[in-house]
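> missing the sequence, but the structure's below:
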């Protein structure tokens with residue numbers, strides 16, 4: 001549990017600090033002391049972790065619960081800290097349940113009303129808007145939040161389109177520069193806007209576009225592709241024109 005690990009880790013930190021002190025005072029190698037401590041912990045880990053700290057904590061809470069609650073309530077101005085759940089009914093359809101929820105919300109606006117299926121786990125969060133679709137009592141607020149959600153979705157879509165367009169323009173510019181300079185273009189962009197390598201793009205596309213892939217196609221892709229080295233290779237060193245690993249002319 002967390003308490004056992006916390007107590008053990010904190011104790012180990014203090015032991016290491018003590019070893020530092022012993023190492024300095026008696027001119028003993030700290031590495032040797034650390035190795036001995038590590039060996040001891042490895043052999044006696046079961047006994048070291050087997051502590052009553054968690055049980056003592058539970059006993060302390062049981063004996064002082066009333067006094068602790070009193071201090072907590074005073075410090076927090078007696079703000080309610082107890083959560084509760086009340087089932088207000090079961091209905092054959094979601095529409096009926098939502099209608100009942102709206103009626104309850106009008107009668108008791110101080111409590112949140114949730115609608116969910118029976119017998120299934122549902123997300124719960126102190127902030128209701130983080131659990132899914134939320135409707136507010138005020139129609140204006142409902143409309144405002146609905147428009148906000150739509151704007152968030154639209155903003156994300158527009159941002160993704162801008163990123164894709166920026167990549168396309170960059171690739172187009174690189175193609176023009178490569179054409180003028182005679183350099184080899186190593187990357188391009190697919191329909192989804194992802195950067196991909198040019199050398200093995202055609203082979204992968206052919207495999208992905210076919211409904212069935214034969215074992216011969218797989219072997220060809222694995223062992224005969226343009227980017228597969230089958231003989232002796234300098235791992236690209238001959239392509240370097242500068243730097244410490246380039247071949248000296």
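In hand now; what should we look at? All of these numbers come straight from a predicted model, not from anything done at the bench. Numbers count the residues shown, from 1 in each chain.

> Who are the packing partners of the helix or strand that contains residue 55?
Using DSSP states H and E, residue 55 falls within helix 53-75. Counting contacts by 3 or more C-beta pairs under 8 Å, 6 or more residues apart in numbering; DSSP states H and E, helix 53-75 packs against helix 2-26. (Each C-beta comes from the backbone N, C-alpha and C, glycine too.)

> and the helix it packs on, what other elements does it pack with?
Right, helix 2-26 is packed against helix 30-49, helix 53-75 by 3+ C-beta pairs under 8 Å, 6+ apart.

> Kindly reformat those as CSV containing mean pLDDT.
Formatted as CSV, the helices and strands packed on helix 2-26 follow (pLDDT from 0 to 100):
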stretch, mean pLDDT
helix 30-49, 83
helix 53-75, 86
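
> okay, those in JSON lines with mean neighbour count and distance to residue 83 next?
As requested, those are exported to JSON lines (neighbours: other C-beta atoms under 10 Å; distance: least, C-beta to C-beta, whole Å):
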{"stretch": "helix 30-49", "mean neighbour count": "12", "distance to residue 83": "33"}
{"stretch": "helix 53-75", "mean neighbour count": "11", "distance to residue 83": "15"}
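
> Switch those over to JSON lines; also include distance to residue 89.
What follows is these, written out as JSON lines (distance: least, C-beta to C-beta, whole Å):
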{"stretch": "helix 30-49", "distance to residue 89": "49"}
{"stretch": "helix 53-75", "distance to residue 89": "33"}
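
> right, and the ones you listed - which one's nearest residue 92?
Among the helices and strands packed on helix 2-26, the nearest to residue 92 by C-beta to C-beta is helix 53-75 (42.8 Å).

> taking the mean pLDDT, what do you get for the helix or strand following the closest one?
Next along the chain after helix 53-75, taking DSSP H and E as the criterion, comes helix 94-107. In this model, helix 94-107 carries a mean pLDDT of 87.

> ok, and for helix 94-107, which residues are buried?
Buried positions in helix 94-107, judged by neighbour count with 16 or more other C-beta atoms under 10 Å: 97, 100-101, 105.

> what packs against that helix?
Looks like helix 94-107 contacts no helix or strand (3+ C-beta pairs under 8 Å, 6+ apart).

> any idea how far residue 15 is from residue 105?
58 Å (C-beta to C-beta, to the nearest Å).

> Isn't residue 115 up against residue 96?
No - contact criterion C-beta atoms under 8 Å: residue 115 and residue 96 do not qualify, at 9.9 Å.
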